[in-house]
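# compute the structure for the input listed below.
(4 chains)
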Protein chains: 2
Amino acid sequence: MTRPKYELVADELSRRAGDLAAHDALPSERELMQQLGVSRMTVRRAIEQLVRRGLVYQVQGSGTFVADPAVVTKTLRLTSFTEDMEQRGLTPTTTVRSTGSTGASAEIARRLGIEPGEEVFVLERLRLADGTPMALERVHLPALGIDWASVDPGTSLYAQMAAEGWTVERAAQTIEAVNLDRETAHALDQAVGAAALRVTRVTYTEAGRPVEHAMTIYRGDRYGYDLVISRDAG
Amino acid sequence: MTRPKYELVADELSRRAGDLAAHDALPSERELMQQLGVSRMTVRRAIEQLVRRGLVYQVQGSGTFVADPAVVTKTLRLTSFTEDMEQRGLTPTTTVRSTGSTGASAEIARRLGIEPGEEVFVLERLRLADGTPMALERVHLPALGIDWASVDPGTSLYAQMAAEGWTVERAAQTIEAVNLDRETAHALDQAVGAAALRVTRVTYTEAGRPVEHAMTIYRGDRYGYDLVISRDAG
DNA sequence: AAGTGGTCTAGACCACCGC
DNA sequence: CGGTGGTCTAGACCACTTC
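Numbering: from 1, shown residues only, chains lettered A, B, ... in the order given. Predicted coordinates for the structure are as follows:
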């Protein structure tokens, strides 16, 4: 399975765009076909990727131009805590506070698309970055045919699911601001009442099957949520 | 300018998917070409849109299937406060607290890609939903050749910019949790120290030109930030 | 009028799935 | 093996910008 041609073309164009100044024009699509020896559709598909990354922009009747690099390419991606921290240059670690099984509450069952009372695996983990507590996370996992009790809860859950054929693809999140209660404040080494971000996430496979419900409390003084959004909806 | 054919096909397929159950298969691409009298590329382009919206998913060698509808299609879009509230079934209003011009601070200048001290228009607005204060917003606008002082600050700034040829396309946001200070708490009718969301946004045109810097404080007890994100980066 | 991106066609071959 | 989606070609015409 070699890389498709349009990705190679995208790489090449990405390199060229890097050598140009903002708002400089790239060669026209027809010129690129000849230079690179590919069809126009392949050129267009490559450019389409760069447009989505915010690297170039197109103007009908005029041309394709290098975008101003200020926005960077920090597109919104579904990432794990581990990836997230590593991207910030921090070393992530995890302390497991508790594990176990329970019957799903009405709320959790609704969000996971299962019946209330159905068995779910519950996991509470403290997430640290460079040894400092950053977040407290409570995860609910449906059975999925996985023996969660025998899985090391300190490792990546996504990797475990992937090994069993469940590939996460999409997540719906709600971000809220909350004041820390006594217990959570203590776990995060914060003052009671300090502001924190509560992120509630339901993760889905490509087919829309919910495979994880997670509620995470992030320290407000150490964590911010960065995202780039665009006007169209795809 | 009629709607392109692939959008009509996407509409038709969207209708059909609605009549099917989750995980039912759509007709194959080759069958759809014949049924709809279009080429395969047009069919694929239509399906591509539906995949991005999370409505269907494709499995190579197998087929195209209706996704489980639980995720909804609430994709992340760049919206205004007005659109946002209306989507939640609330009536948005705005109170302008102050307007004026000033020299850009180093931080604001950096983010807007202008020189420190360069003139920016500053606008502070209280945003209400059904009469209840929801957010306090401080906006910094670069000149852009627009006479901001003569613009009604209670209306949509994006609409004003669009009228002058500046189309917003993308925004970078940082979401943080903060405890309300005395002044802001008073404006939002909240207790001092209550948790709130601080959203700092820089808005860009498609070409990457910054056209707005906004810092908005949302009441934590009345506002949550919903978003759907996917694994790939485009 | 010439050149650009936007849409669309009619083919082809490849990689993968399920029988 | 046949059928599926994934990639790719070589054309064509349209809508738009620029001169």
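# point out where chain A drops to low pLDDT.
A:1, A:70-78, A:231-234 (pLDDT under 70).
# phi first, then psi, for the residue lying farthest from the centre of it.
Most distant residue from the mean C-alpha position of chain A: A:Q34, 37.7 Å away (C-alpha atoms, centre = their mean). Here is the backbone geometry of A:Q34 (degrees, to the nearest 10): phi -70, psi -50.
# quickly list what A:A196 is bridged to.
Judged by DSSP bridges, the bridge partners of A:A196 are A:V178, A:R219.
# so it sits against A:A187, correct?
No. Using C-beta atoms under 8 Å, A:A196 is not in contact with A:A187; the gap is 11.1 Å. To be clear about C-beta, it is placed using only N, CA and C from the backbone, and glycine gets the same treatment.
# whichever helix in chain A runs longest near DNA strand D at all?
Longest helix in chain A by number of residues, with DSSP state H as the criterion: helix A:5-19. Yes. Using C-beta under 7 Å from any atom of the strand, helix A:5-19 reaches DNA strand D at A:K5, A:Y6.
# give the buried residues for that helix.
A:K5, A:Y6, A:V9, A:A10, A:L13, A:S14, A:A17 (16 or more other C-beta atoms under 10 Å in any protein chain shown).
# also stretch A:158-172?
Buried residues in stretch A:158-172 (16+ other C-beta under 10 Å): A:Y158, A:Q160, A:M161, A:W166, A:V168, A:E169, A:R170, A:A171, A:A172.
# surely the last one is within a strand?
Yes. With DSSP: H, G, I helix; E, B strand; the rest coil as the criterion, A:A172 is assigned to a strand.
# strands of chain A, start to end?
Secondary structure of chain A (DSSP state E): strands at A:56-59, A:63-66, A:92-103, A:119-129, A:132-142, A:168-179, A:195-205, A:210-219, A:225-230.
# run through who's touching the third one.
Residues outside strand A:92-103 that contact it (C-beta atoms under 8 Å, 6 or more residues apart in numbering or on different chains) are A:81-82, A:84-86, A:116-129, A:131, A:136, A:148-149, A:153-154, A:187.
# now with 7 Å?
A:81-82, A:85-86, A:117-129, A:153-154 (C-beta atoms under 7 Å, 6 or more residues apart in numbering or on different chains).
# who touches stretch A:157-166?
A:S80, A:V139, A:L144, A:G145, A:I146, A:V151, A:V168, A:T205, A:V211, A:E212.
# now the buried members of those residues.
By neighbour count, with 16+ other C-beta under 10 Å, these hold A:V139, A:L144, A:I146, A:V151, A:V168, A:T205, A:V211, A:E212 as buried.
# now render these as CSV, adding distance to B:S28.
Shown next, in CSV, are the buried ones among the contacts of stretch A:157-166 (distance: C-beta to C-beta, whole Å):
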residue, distance to B:S28
A:V139, 39
A:L144, 30
A:I146, 33
A:V151, 38
A:V168, 27
A:T205, 22
A:V211, 28
A:E212, 32
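# nearest to chain B among those residues?
Nearest to chain B among the buried ones among the contacts of stretch A:157-166: A:V168, at 6.6 Å, using C-beta to the nearest C-beta.
# ok, that closest one to DNA strand D distance?
18 Å (C-beta to the nearest atom of the strand, to the nearest Å).
# tell me who's in contact with that residue.
Contacts of A:V168 (C-beta under 7 Å, 6+ apart): A:Y158, A:M161, A:T203, A:T205, A:V211, B:R231.
# neighbours of A:V122, how many?
Residues near A:V122, counting by other C-beta atoms under 10 Å in any protein chain shown, number 17.
# before we move on, back to that, so of the buried residues of stretch A:158-172, which two are at opposite extremes in space?
A:Q160 and A:A172 (21.1 Å; C-beta to C-beta).
# contacts only, for A:H23.
Counted by C-beta under 7 Å, 6+ apart, A:H23 has contacts A:F65, A:V66, B:A207.
# hang on, I meant A:A106
A:A106 touches A:P116, counting by C-beta under 7 Å, 6+ apart.
# hmm, back to that, so which of the contacts of A:H23 wins on neighbours?
The most neighbours of any of the contacts of A:H23, using other C-beta under 10 Å, belong to A:V66, which has 22 neighbours.
# tell me the spacing between that residue and B:G208.
Distance of A:V66 to B:G208, given as C-beta to C-beta, to the nearest Å: 9 Å.
# what do those two both touch?
In contact with both A:V66 and B:G208: A:A22, using C-beta under 7 Å, 6+ apart.
# what does chain A put close to DNA strand D?
Contact residues, chain A versus DNA strand D (C-beta under 7 Å from any atom of the strand): A:4-6, A:37-42, A:45, A:59-62.
# check the residues you listed and tell me the two furthest apart.
The widest separation within the residues of chain A next to DNA strand D (C-beta to C-beta) is 29.1 Å, between A:P4 and A:G61.
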